[in-house]
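Undergrad: Okay, sequence plus prediction incoming.
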Amino acid sequence: MRIKQNVNKDVIDELYEEGYLYAAFGEYWRRTRGYKMFKIPVDADFLCPNWDGRLSNRGCTYCPGLGKEVGRPTFFEVQGKSVRAQLDHQIEYHRGKGVAEKFMAYFYPATNTYRRVTELEKLFEEAISHPDVIGLSIGTRPDCVPDEILDVLEGYTKRGYEVWIELGQQTYHYHTIEKINRRHGIAECIDATGRIKEHGIFVCDHIILGLPYETPGEMIETARILSVVGVDAVKIYPLLVMKGTRIAGEFSAGKYRPIAFTEYINLVCDFLENLSPYVLIQRLSKDCGLQLKLAPEWNTFRLNVSSRIEKELKRRGTKQGVRYKMGLGEVELFPLNGGIKPVPAINASVSCNF
């Protein structure tokens, strides 16, 4: 059964009618909320069950250690300070740049629901107490969203705040999940998505393209699966090889080939074509700390990548969702070739003498 999305499909249809090639999250937000919004990253010193020994002490093979080394300079300047201090500093900076009118507190390094509910409430309340914060976006794992936490977050939606949960699923293929040491499966994501939506909360999946051991066809299938799972938005990234990670060791030994720029552009376009036209696109690439990045060699800055993706979509004369299809439709349920039946196999009996 497909899980219903929370997005306004009429607004997304308007975007396509006006020439948009994919369901751009920023423009969708402006039209449905009436103002520009920017996510302010907040580091509340969360850990991860895949690092502290509860599930493993090795982390994912590509993770440089809770992801705290990746971010903007304004984010690094306030790491270690209170939630309110981090928000004050970054909101002042980004407002001065004219980036947005309102802001969302984005709890994002590590697993931001991996703490007792009473502690989470204090952190989230501190964030929404800021007069310019209109909601929360919480980065976490699919296996770390029990109903008790969702009950708390649903309370914020009832108070008029926007609440998103960003699930680091990365892929919908279990053999890849095992090999990159995610320590959860596909079932957890499907279960979490359904329960999150039942609580009136938006869901954004994080998907990595170029994971080792995964074929382009499997990556396209990921687009199809997350379409029917019912996520409201997706962030798409290339796999970044960061210093100190296990994937860095494989890269150095010649056992992993990073995805090439043109390869990534074409793959994202294929992904978008096979994705439901009503899944919002929050990102098409990954900004990262260059001091830690080993590969790929090309510039993964999202504005650089998104412009090339749009150029390729225009060249193809295509857009998001044009190849999205689940099975044969009612009008296709008739035999082709005039109803010619296949030739039956010859059923020959064979006697054997021993």
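TA: Good, I have the coordinates.
Undergrad: From residue 333, how far out is residue 41?
TA: Distance of residue 41 to residue 333, computed by CB to CB, to the nearest Å: 50 Å. For the C-beta atoms, the positions are set from N, CA and C on the backbone; glycine is no exception.
Undergrad: State the number of residues packed around the spatially closest residue to residue 9 that is not a sequence neighbour.
TA: Spatial nearest neighbour of residue 9, excluding adjacent residues (CB to CB, 6 or more residues apart in numbering): residue 278 at 5.3 Å. By other CB atoms under 10 Å, the residues close to residue 278 number 18.
Undergrad: what stretches of the protein score poorly on pLDDT?
TA: Within the chain, the set of residues satisfying pLDDT under 70 comprises 1-2, 66-72, 289, 346-354.
Undergrad: The same query, at a cut-off of 50, please.
TA: The model of the chain has pLDDT under 50 over residues 352, 354.
Undergrad: In space, not sequence, find me the middle residue of it.
TA: Averaging the C-alpha coordinates of the chain gives a centre point, and the residue nearest to it by CA atoms, centre = their mean is residue 206 (1.7 Å).
Undergrad: if I read this right, it contacts residue 164, doesn't it?
TA: No: the pair residue 206 / residue 164 is not scored as a contact, 11.9 Å apart, by CB atoms under 8 Å.
Undergrad: Any idea how far the helix or strand residue 32 falls within is from the middle of the chain?
TA: With secondary structure defined by DSSP states H and E, residue 32 is part of helix 25-33. On the basis of CA atoms, centre = their mean, to the nearest Å, the separation between the geometric centre of helix 25-33 and that of its chain is 18 Å.
Undergrad: Remind me what the helix or strand that that helix is followed by packs against, helices and strands.
TA: On the C-terminal side of helix 25-33, the nearest following helix or strand under DSSP H and E is strand 37-42. Packed against strand 37-42, as judged by 3 or more CB pairs under 8 Å, 6 or more residues apart in numbering; DSSP states H and E, are the following elements: helix 83-96, strand 102-107, strand 133-140.
Undergrad: Count the neighbours of residue 157 for me.
TA: Each residue near residue 157 was counted by other CB under 10 Å, and the total is 16.
Undergrad: In three-state terms, label it for me.
TA: Under DSSP: H, G, I helix; E, B strand; the rest coil, residue 157 falls in the helix class.
Undergrad: my guess is it meets residue 202, correct?
TA: No: distance between residue 157 and residue 202: 9.2 Å, which falls outside the contact criterion (CB under 8 Å).
Undergrad: Spit out the residues that contact these two alike.
TA: residue 163 (CB atoms under 8 Å, 6 or more residues apart in numbering).
Undergrad: just how off-centre is stretch 277-295 within its chain?
TA: 10 Å.
Undergrad: mind listing what's buried in that stretch?
TA: Across stretch 277-295, burial judged by 16 or more other CB atoms under 10 Å covers 277-289, 292-295.
Undergrad: now stretch 323-333
TA: Buried residues in stretch 323-333, counted by 16+ other CB under 10 Å: residue 324.
Undergrad: Alpha carbons only: can I get it in CSV?
TA: As requested, the backbone C-alpha atoms of stretch 323-333 are provided in CSV (Å, rounded to 0.1, in the frame of the first residue of the first chain):
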residue,chain,number,x,y,z
ARG,A,323,9.6,7.5,-16.9
TYR,A,324,8.0,6.9,-13.5
LYS,A,325,5.6,3.9,-13.9
MET,A,326,4.5,1.0,-11.7
GLY,A,327,3.4,-2.0,-13.8
LEU,A,328,1.0,-2.1,-16.7
GLY,A,329,-2.0,0.2,-16.7
GLU,A,330,-5.6,-0.9,-17.3
VAL,A,331,-5.4,0.2,-21.0
GLU,A,332,-2.4,-2.0,-21.5
LEU,A,333,-4.0,-5.2,-20.3
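Undergrad: contacting residues around it?
TA: So stretch 323-333 is contacted by 224, 227-228, 273-277 (CB under 8 Å, 6+ apart).
Undergrad: now do stretch 186-205
TA: Applying CB under 8 Å, 6+ apart, the external contacts of stretch 186-205 come out as 3-4, 6, 137, 141-143, 145, 147, 150-151, 153-154, 157-158, 162-167, 169, 172, 174, 177, 226, 229-235, 280, 282.
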